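Engineer: Quick one, structure for this:
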Amino acid sequence: MPFNIPILLTWLRVAMIPMVVGVFFLPDGWLTMEESGIISSTIFIIAAITDWFDGFLARRWNEVSAFGAFLDPVADKLLVAGVLLLLLQLDRTNFVIAFIIIGREITISALREWMAQIGASKSVAVSSIGKIKTAAQMVAIPMLLYGQPIGSLDILWLGQHLLEIAAILTIWSMLYYLQKAWPTIKDSVGS
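Structural biologist: Model prediction:
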């Protein structure tokens, strides 16, 4: 297993997952709900920045590895799934939204793995709609973790609606990837 700064940042992101979630489960009286929200959303934002930064460094320093390419999306999906489950527990999102987002991640990960095994991974490479979906999620989630108004701005309401938009983009991107993969799927099933 290679070890370099980009992979270290990815492992750091994995290590942040229990911190993002655990802040809300500290014993009563340790933190207020607002303090938990501030700490959790800050850790999430740092984790999201490491996601961008580890990829940037890996490409810039030519330290792209098969293990890093495997670990990076796993870390991302674990982070998002863990936080969505927490948001369900806090009643800051609903089951349908969480199921759509988590279900899409599982489906597309499995599709990408299968396409890679048959040598057709380029047909399900990351698209711009997938990147927009990720950006919407990464902005919505810290808002939902914080969950408190800022002045007259209802951050919770804004985060919920942004996550709904992310769920719509999630469905759209999943359909896009499935459409791109369909000819290969059809050929493989038919043979």
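
Engineer: Who's the closest spatial neighbour of the most centrally placed residue in the chain, skipping the chain neighbours?
Structural biologist: What sits nearest the mean C-alpha location of the chain, by CA atoms, centre = their mean, is residue 80, with 4.0 Å. Spatial nearest neighbour of residue 80, chain neighbours left out: residue 137 (6.4 Å); criterion: CB to CB, 6 or more residues apart in numbering. (C-beta placed from N, C-alpha, C; glycine too.)

Engineer: could you say what helices and strands the helix or strand hosting the one you found packs with?
Structural biologist: Using DSSP states H and E, residue 137 falls within helix 128-146. Secondary-structure packing of helix 128-146 (3 or more CB pairs under 8 Å, 6 or more residues apart in numbering; DSSP states H and E): helix 33-60, helix 66-89, helix 155-190.

Engineer: Quick one, which of those helices gets closest to residue 111.
Structural biologist: When these are compared by CB to CB, helix 155-190 sits nearest residue 111, at 5.9 Å.

Engineer: which sections of the protein are below the confidence cut-off?
Structural biologist: Where the chain drops to pLDDT under 70, the residues are 1-2, 120-125, 189-191.

Engineer: same thing but at 90, please
Structural biologist: 1-7, 28, 51-73, 105, 107-131, 133-134, 173-191 (pLDDT under 90).

Engineer: Pull the number of nearby residues for residue 29.
Structural biologist: Neighbours of residue 29 under the rule other CB atoms under 10 Å: 6.

Engineer: and it, which of the three is it?
Structural biologist: Secondary structure, DSSP: H, G, I helix; E, B strand; the rest coil: residue 29 is coil.

Engineer: got the phi/psi numbers for it?
Structural biologist: Per-residue torsions, residue 29: phi 90, psi -20 (degrees, to the nearest 10).

Engineer: circling back to that earlier point, give the contact list for the residue nearest to the centre of the chain.
Structural biologist: Residues near residue 80 by CB atoms under 8 Å, 6 or more residues apart in numbering: 101-102, 105, 137, 141.

Engineer: and the gap between it and residue 87?
Structural biologist: Relative to residue 87, residue 80 is positioned 10 Å away (CB to CB, to the nearest Å).

Engineer: just checking, the residue nearest to residue 80 touches residue 165?
Structural biologist: No: Residue 137 is beyond contact range of residue 165, at 9.5 Å (criterion: CB atoms under 8 Å).

Engineer: Those two: which is more packed in?
Structural biologist: Remark: of residue 137 and residue 165, residue 137 carries more neighbours, 22 against 15, as counted by other CB under 10 Å.

Engineer: Are we agreed that residue 91 is in a strand?
Structural biologist: No: applying three-state DSSP, one finds residue 91 to be coil, outside a strand.
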